[in-house]
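>>> What follows is a protein structure lacking sequence information:
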Ligand SMILES: [Zn+2]
């Protein structure tokens, strides 16, 4: 039986001489495993559409619950990523995160939109890489139900949190003076505003914030610490990106 899916290729494993086994995110059916037979051969018509970090319309053939790619039309190749190893590596980290959180056999439109928007911003250099990374991490956690509680100080309840401190253990923000123990990651008031914006903005406005470099670095530390805390695992693609 044939069906068509719009798919973002999250991972590829080379198999036999010229096959690819793909993990893909689809808007309609979540995470899928796809066989792309012959995709690595020079003559293959599905080579381009089944490349890592490509968004394609794929025609799939289903047999006994397994899917094979028969045809592919590339919709977005994110070619900017392929000219820059560091940005490509960051794209691979986004893909590994999406693979971690996407469910199978259920629609994942929000994850798809997040992935496509962030890869596009990275590819076209609409924003600097660290800004896109922070926004991706915070928004992903928010979609998955792990938005940090950022509206009020968790101790005194005020909304205009003074010298905000983020605690990755609880996902809470308190005023520096309200902090009971040491530790925690410092935010600035504008970095906290940006964090709130990323969590609540409509998807297309998510990246519409500007921060001075120092505030951006504080937001980046918080976003990454929170994602790692919620995920309770390491991401090899993140380690690779940071070592570049
Ligand atoms: Zn307080």
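Cool, the structure landed. What you are looking at is a predicted structure, and each value in this text was computed from that prediction instead of being measured.

>>> what residues are up against residue 131?
Applying C-beta atoms under 8 Å, 6 or more residues apart in numbering to residue 131 gives the contacts 207, 209, 211, 216. Every residue, glycine included, has its C-beta placed from N, CA and C.

>>> Let me see the contact set for the closest residue in space to residue 184 that isn't next to it in sequence.
With C-beta to C-beta, 6 or more residues apart in numbering as the criterion, residue 184 has its nearest non-adjacent residue at 4.1 Å, and that residue is residue 165. With contact taken as C-beta under 8 Å, 6+ apart, residue 165 is in contact with 173-176, 179, 184-187.

>>> Among the residues you listed, which pair sits farthest apart?
Taking C-beta to C-beta as the measure, the contacts of residue 165 span a maximum distance of 14.1 Å, between 175 and 185.

>>> out of the contacts of residue 131, who's near the ion?
For the ion, no contacts are drawn from the contacts of residue 131 by C-beta under 5 Å from the ion.

>>> which one of those residues is nearest the ion?
Nearest to the ion among these, counting by C-beta to the ion, is residue 211 at 22.5 Å.

>>> can you give me phi and psi for that closest one?
Residue 211 adopts backbone torsions of phi -130, psi 140, taken as degrees, to the nearest 10.

>>> Ok, residue 147 next?
Per-residue torsions, residue 147: phi -60, psi 130 (degrees, to the nearest 10).

>>> isn't it right up against residue 141?
Yes - between residue 147 and residue 141 a contact is recorded at 6.3 Å, counting by C-beta atoms under 8 Å.

>>> ok so, going back, so the residue nearest to residue 184 belongs to a strand, correct?
Yes - counting by DSSP: H, G, I helix; E, B strand; the rest coil, residue 165 is found in a strand.

>>> interface residues of the protein facing the ion?
153, 155-156, 175, 178.

>>> Would you show me how to pick out the buried ones of the residues you listed in PyMOL?
Filtering the residues of the chain next to the ion down to the buried ones (16 or more other C-beta atoms under 10 Å) takes a single PyMOL command:
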select buried, resi 153+175+178
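
>>> Tell me which of the residues of the chain next to the ion fall in strands.
Residues of the residues of the chain next to the ion located in strands (DSSP state E): residue 175.
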